[in-house]
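can't give you the sequence, but here's the structure:
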């Protein structure tokens, strides 16, 4: 079953009087449980595509279904609700909340987004800390963690709310290669264990091959789907 | 909610220097306002208490036109017995009235047989005057008190005259007064005591028995110049005044006007203007506090939002509802206000306590060695606290609204 179905998806930004197309007529599907990479040079439209799939941005044209929902029709509040309920995000700069410990960062979406009971939150956080190998660092704050450890916490946070689809924008850009491979291995492991679909963007050719499906973009056009 | 407050507190601690500075401003404002309220309230209460409890009473009844000519102590504007009866009936029926004292006020020549001066005198019924003016007897600085105040044939002399004429209790003096018909009469009196001066009208008047005053003035009718009234509390003044005005309104002069007029202490004493200025300053300093809190909290919250744009983008991207982002920043503002208020109130209570342990003495007008006893009313503290927290929340509203409305993509791209 496909978790993402895009048909002739377009996004055009308006820069003053000039229309700048960022994504042009992109059609693709993403199957449940797959590890997908959006690849392309800077400015090719991979982040824009990722933002549209993540309900952070609205398409200018075409249709986009995520987990069976026509997300182009969602308003700001509905989109926030959809993201909180079904999607997970991993960011290039980790974006952990500096005043919270690793465990609290993982707990954040369960508490502030999904409002889960305390017992359920604690059980889920403990499970994820174990799964990403961060149980020993649970009480540490982000400034006490290495880049790789931060990204592990970010992966756990993305999975905390049992997201069916996790979107990662350049998740390894700020990591060395060894750490980057370990993060991708962690994504695969979590995909295998929890059945989550991971979609990430990258322009690093060395880690692209770790993906099972590669969607290549050039000037906003999808040039390769394989 | 507890988690939001906890997160808000941690965010405030994250920029602790800025938080400390802003809280310091709020603390300073709260302490300034509460101390001003406590000290000015104490000063006002002290002076007003002195005026109402030893001279004027809370309100007075006069014949129409008497107060306008009060400096001359006009005997022709005294209340006639019929008017006095109407007034006393109204006073007896009013639930707020504790006591009242009829007075006959007049001017006289005062001589110790070697020197002569002028004096303003009050003819009073001692027990009733003492009941209506409970602090009057305490003003007797030399001599004794009898019948609640003084005996027949005796006079209480104001300190300023006693000092100048070197009088002491037991000395004989002569009072010479001109009556309504223009004839002059003199009578010997014995000095019963010396009255300490206080600031305000009547603060340097002497006292004799009402019957002695009538005899000196050869007055055959039971006229009085004014009736000084003591109420159960100063707060009852407006309502009691309105009731008494209505109760005596039936007595009319040929022009159709009410014969009797009711005046509150604030219409009779110039200190009322000082009290109004103090009240105005009180409002002004509260407005200053609002300004301090508004600017300080808004500034710190605008900075907080600006510095955490990427963080806001992240929490928004992962699906945090906008109302929760709004609540998070409002909670930060409210906590700043609440913490500042709590510390400010604690400091204010400490300073007020210290001012009561080591009292401040001051001079006001002719009054020496007045002692301030500042106090903080719970109502005032709660009101100031509520003002600060509400203003802090209002000041956070715009930055919090901006954070809640932030586009996650733009926020995540912010450098």
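The structure has been received and is ready for your questions. No experiment lies behind these values; they were computed from the predicted model shown.

going forward, measure contacts between C-alpha atoms and count neighbours the same way
Fine.

which ones are touching the residue of chain B found nearest chain A?
When scored by C-alpha to the nearest C-alpha, chain B has residue B:319 as its residue closest to chain A, at 3.9 Å. Neighbouring residues of residue B:319 by C-alpha atoms under 8 Å, 6 or more residues apart in numbering or on different chains: A:79, A:80, A:81, A:82, A:83, A:84, A:85, A:109, A:113.

phi first, then psi, for it.
phi 100, psi 10 (degrees, to the nearest 10).

for the closest residue in space to it that isn't next to it in sequence, give me its contacts.
Leaving out its chain neighbours, the residue that sits closest to residue B:319 by C-alpha to C-alpha, 6 or more residues apart in numbering or on different chains is residue A:84, at 3.9 Å. Listed by C-alpha under 8 Å, 6+ apart, the contact set of residue A:84 reads A:109, A:113, A:114, A:161, B:318, B:319, B:320.

quick check: mean pLDDT of the host helix or strand of residue A:84?
Taking DSSP states H and E as the definition, residue A:84 sits inside helix A:76-86. In this model, helix A:76-86 has an average pLDDT of 91.

nearest to the spatial middle of chain A, which residue is it?
The centre of chain A sits closest to residue A:167, judged by C-alpha atoms, centre = their mean, with a distance of 1.4 Å.

residue ranges for the helices of chain B, please.
Here chain B has its helices, by DSSP state H, at B:2-14, B:16-51, B:81-93, B:126-132, B:159-164, B:210-216, B:237-248, B:265-268, B:271-307, B:309-317, B:322-357, B:378-404, B:408-413.

thinking again about what came up before, which ones are touching the residue nearest to the centre of chain A?
Residue A:167 neighbours (C-alpha under 8 Å, 6+ apart): A:50, A:54, A:87, A:88, A:89, A:90, A:198, A:199, A:200.

and the second one, how close does it get to residue B:124?
Residue A:54 sits 92 Å away from residue B:124 when distances are taken as C-alpha to C-alpha, to the nearest Å.

so which bits of chain A are right by chain B?
A:51, A:56-57, A:77, A:79-85, A:87-89, A:95-97, A:99, A:109, A:112-113 (C-alpha under 8 Å from any C-alpha of the partner chain).

filter these down to the buried ones, ChimeraX style.
Restricted to buried positions by 16 or more other C-alpha atoms under 10 Å in any protein chain shown, the ChimeraX selection for those reads:
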select /A:51,56,57,79,80,81,82,83,84,85,87,88,89,95,96,97,99,109,112,113
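
in chain A, which spans are strands?
In chain A, the strands defined using DSSP state E lie at A:2-15, A:18-31, A:35-39, A:61-66, A:69-70, A:87-90, A:165-169, A:197-202, A:213-218, A:221-225.

who are the contact partners of residue 112?
All of this is about chain A. For residue A:112, counting by C-alpha under 8 Å, 6+ apart, the contacting residues are B:320, B:324.

actually it's chain B I care about, not the one you picked
Applying C-alpha under 8 Å, 6+ apart, the residues near residue B:112 are B:165, B:167, B:172, B:173, B:174.

residues from the stretch 1-150 of chain B in reach of chain A?
B:7, B:10, B:11, B:14.

looking at those residues, which has the most residues close by?
residue B:11 (20 neighbours; other C-alpha atoms under 10 Å in any protein chain shown).
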